[in-house]
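Asker: Need coordinates for the following:
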Amino acid sequence: MATSPSTLGHDLTICDREPIHMPGAIQPHGMLLIVDPAEGAIVGGAGDVTSLLGNQWLGGSIHDLIGEAGLTLLRSTIAGPVVLGMVAARGLSAVASREGRFWLIELEPTATGEPGTDDALTWIEHGGEEFSRAVDLDDLSARAATIFSRLTGFDRVMIYRFLDDDSGKVVAERHAPDMDGFLNHHFPASDIPRQARALYIRNRVRVIPDATYVPAPITGIDPALIGIDLSNVGVRAVSPVHVQYLKNMGVAASASVSIVKDGILWGLVACHHRSPRGLSYLQRKTCELIAASFAQQVTAKEEAAEYRERLRLRTAEDALAQRLSQEYDPDQMSALIGSDLQRLLHADGFVLQRGATLNSSGTVPPPEAVADILQWVRAQGNILLHSAALEQRLPGARAYRDLASGLLAITLSTDEPVVLLWFRAETLQTIQWAGNPHKAVGQAPDQPLTPRASFAAWSEEIRGRARPWSPAEIEAAHRLSRLLFDARQRRRIGELNRELTRAVTDKDALLAQQETLIKEVNHRVQNSLQLVVAFLAMQAHAENDATLTRHLGEAQRRLSAVALVHRRLYSEDTVTVIDLGRYIEDLLAEMQSSMGAEWTGRLTMDLAPLLITADAAVQIGLVLVELVINAQKYAYGGQPGPISISLEKVRNRFRLTVADRGQGRSGNRTGFGTRMLSAMVKRLDGTIEESDNAPGLRFTVSAPIATPDEA
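Answerer: Numbering: from 1, shown residues only. All right, here's what the predicted structure looks like:
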């Protein structure tokens, strides 16, 4: 595990506050014109605009530069980018992007004859063919490094992947023979601050042709234009900290191509050159499209590997289930299946406790250590728990971390007890950092922010960690717990049937009575909930006050969200976990029916299956209800309009998105629904982000996926 950002001091926070998206200047290899499309007037700009338009360019017309067709195109386009083509015979490319009511027109030299300009389709096709032949992620990354090296001509090209702790690792590289490489080196998270990562998603290719450049400041009729947002501008000046960072690395030019997978910044194609070198707009677009093809193959390779792992686990589970279906003495069975269970989850050791009996296979801690672990596991009260760094949760495990840094435990019974333990030995990791990560960024009192100056290899040994349990393995453990529980129950029922027939009959009667009671309680709870919902509906119809009626309708939908979870719990095999995708689908169906016939077909869904705790599902359901109510209320003023809802899993988090095509934000929302929305998101330890859907608003809720095995 790489050093976490929290261990790098306050530096990361300093970098995150730097306004890199509005530097007030551009790089001098290009030009920038700020245009008011209504009048076609040039109201600001930067760079050597005088040589192109003369001394009186500020306040002049853009018509002579892009023609009537170009001006019409700008006026008829909502966003960007808009490619305006070549500018006369100047050898300049012109690309426009929208920022507020202004158009930002970038002018850059073309690069006729350079790779990726006149033959872009050939490069894209070649990249797709190369990527499709890759056998795994390592091979895919190596092929990408080769393609981008040939395409850009840079001295060093690295495929840089972000890790779960936001640090980065160079997973593939091509560089000049006389140049140092960084293959397999790690870089701290502070090297790329959070706001820079956001810009990498928005602006997929960034180039610094000459790190020694002098920024060309923005000049405008209105001085406020100096602070205009340049997030979508390719020639935007970059942070002085980043420029100094490149100089410290001995780099004169750089280029970064974003690798965006499922809307998340998976990594970068990082290019360095020892002398000034740029990429034209067409070259950058070629790089962007090849990077998109690479991201698609990353998804395919990861999904294929996950599928193979799930298939292996399912096959092993089926074989184990067949063995468990045969009649064995329990103690004999424990000894027979121990090694199979160990191999199933690729563990180094396995222990099965049944009462006072312990059976083990592989390499396990000493008996007294196993006894301590079993006592701790039973005290947690979880059916399943797992950790890849046991000593962080059980400090005493440090004494035997070489044997058991990783633990996955299933508790089938606490009274007998029956507990299964899988152990993974410590995996010693020596991480090669590109420079000391603990000296990432510096700032002396009353001095400007400065980046670290050394990138010499710096080793760090990581102890007390095992290979993490994969999501597929954890899911298999959940299924295995049910399989073993069912087998144990069948065996116990069989024993009781042979020895105490009357006792078994009484037990079955008790179980039936308990099931009836549960159903009766469920029935009464459902009736009570439905009664309250019906009462709210009747009250809403009876009231003449439109505002009160709306509030009653909203309360009705909130209560329906809770009632739906309750029904789902008692219709599934488990009362702790539900499928969030199915729950949201049912909830939206109920909401749509209560919103009126005019809303039919207005709600569109793209929902991934995802297991989550019932408590979290209730909160997510309430959050979703509020977001849909807000879209209905504010986006369309209560009138029907399209609302799209999507749910996806990103690493160990879920992301719920509600987007409309309405009128956008209007005023501050401080009502009960808004306060409840904030409280629910906070209880989920999540975040909610509001963004422009052009038109309309997009709300994205992201939070950790809470499952019962998480302590």
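Asker: so where's the stretch 1-150 of the chain uncertain?
Answerer: Residue ranges of the stretch 1-150 of the chain with pLDDT under 70: 1-19, 21, 79-80, 85-90.
Asker: what about the strands in it?
Answerer: 25-26, 31-36, 41-46, 82-86, 92-99, 102-109 (DSSP state E, counting those that start in this stretch).
Asker: And the second one, what's buried?
Answerer: Read it as strand 31-36. 31-35 (16 or more other Cβ atoms under 10 Å). All C-beta spots, glycine's among them, are computed from the backbone N, C-alpha and C.
Asker: Closest to Arg197 out of these?
Answerer: Closest approach to Arg197 among those (Cβ to Cβ): Leu32, at 24.1 Å.
Asker: does the closest one have beta-bridge partners, and which?
Answerer: Partner residues in beta bridges with Leu32, using DSSP bridges, are Ala46, Glu106.
Asker: Who are the contact partners of it?
Answerer: Shown in contact with Leu32 (Cβ atoms under 8 Å, 6 or more residues apart in numbering): 26, 45-47, 104-107, 218, 233, 235.
Asker: Other residues contacting stretch 314-331?
Answerer: 333, 336-337, 340-341, 343-344, 354, 357, 359, 476, 479-480, 483-484, 487, 491, 494.
Asker: Would you map the helices across the stretch 251-400 of the chain?
Answerer: Taking DSSP state H, counting those that start in this stretch, the helices of the stretch 251-400 of the chain run over residues 281-324, 330-344, 367-380, 390-393.
Asker: quick one: which of the ones you listed is nearest Leu607?
Answerer: Closest among those, using Cβ to Cβ: helix 281-324, at 17.9 Å.
Asker: The closest one versus strand 102-109: what angle between them?
Answerer: 100 degrees (axes from the mean of the first three to the mean of the last three Cα atoms, to 10 degrees).
Asker: Between the strands of the stretch 1-150 of the chain, which one is closest to Met676.
Answerer: The nearest among the strands of the stretch 1-150 of the chain, by Cβ to Cβ, is strand 92-99 at 34.8 Å.
Asker: rewinding a little: kindly indicate which of the contacts of Leu32 lies nearest Asp348.
Answerer: Val233 (53.8 Å).
Asker: Next, give phi and psi for the closest one.
Answerer: Backbone torsions for Val233, taken as degrees, to the nearest 10, come to phi -100, psi 120.
Asker: And for it, the neighbour number?
Answerer: Here the number of neighbours of Val233 (other Cβ atoms under 10 Å) works out to 24.
Asker: mind listing what it touches?
Answerer: With Cβ under 8 Å, 6+ apart, Val233 has these contacts: 26, 32, 97, 104, 106, 203.
Asker: okay, it: pLDDT?
Answerer: pLDDT, Val233: 90.
Asker: any idea how far it lies from Ala255?
Answerer: 16 Å (Cβ to Cβ, to the nearest Å).
Asker: wait, which of the strands of the stretch 1-150 of the chain is closest to Lys649?
Answerer: The nearest among these, by Cβ to Cβ, is strand 92-99 at 32.1 Å.
Asker: returning to what we had before: can I have the buried ones of the contacts of stretch 314-331 as a ChimeraX selection?
Answerer: A single ChimeraX command selects the buried members of the contacts of stretch 314-331 (16+ other Cβ under 10 Å):
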select :333,337,341,344,354,359,476,480,483,484,487,491
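Asker: For the nearest residue to His29 once chain neighbours are set aside, the count of nearby residues, please.
Answerer: The spatially closest residue to His29, leaving aside those adjacent along the chain, is Pro209, at 5.0 Å (Cβ to Cβ, 6 or more residues apart in numbering). Number of residues near Pro209 (other Cβ under 10 Å) recorded here: 21.
Asker: Dihedrals phi and psi, Pro209?
Answerer: Dihedral angles (degrees, to the nearest 10) for Pro209: phi -70, psi -30.
Asker: who's in contact with Ile159?
Answerer: 141-142, 144-145, 170-173, 259, 267-269.
Asker: what about stretch 493-505, how long is it end to end?
Answerer: 10 Å (Cα to Cα, to the nearest Å).
Asker: now the residue nearest to His29: how far from Leu394?
Answerer: Distance of Pro209 to Leu394, given as Cβ to Cβ: 54 Å.
Asker: For Gly181, the count of nearby residues, please.
Answerer: Gly181 has 13 nearby residues by other Cβ under 10 Å.
Asker: Quick one: residues contacting it.
Answerer: So Gly181 contacts 156, 173, 175 (Cβ under 8 Å, 6+ apart).
Asker: What's the per-residue pLDDT of the first one here?
Answerer: With respect to pLDDT, Arg156 scores 95.
Asker: ok now do it, which residues does it touch?
Answerer: Arg156 neighbours (Cβ under 8 Å, 6+ apart): 173-176, 179, 181, 271-273.
Asker: Alright, I will stop here.
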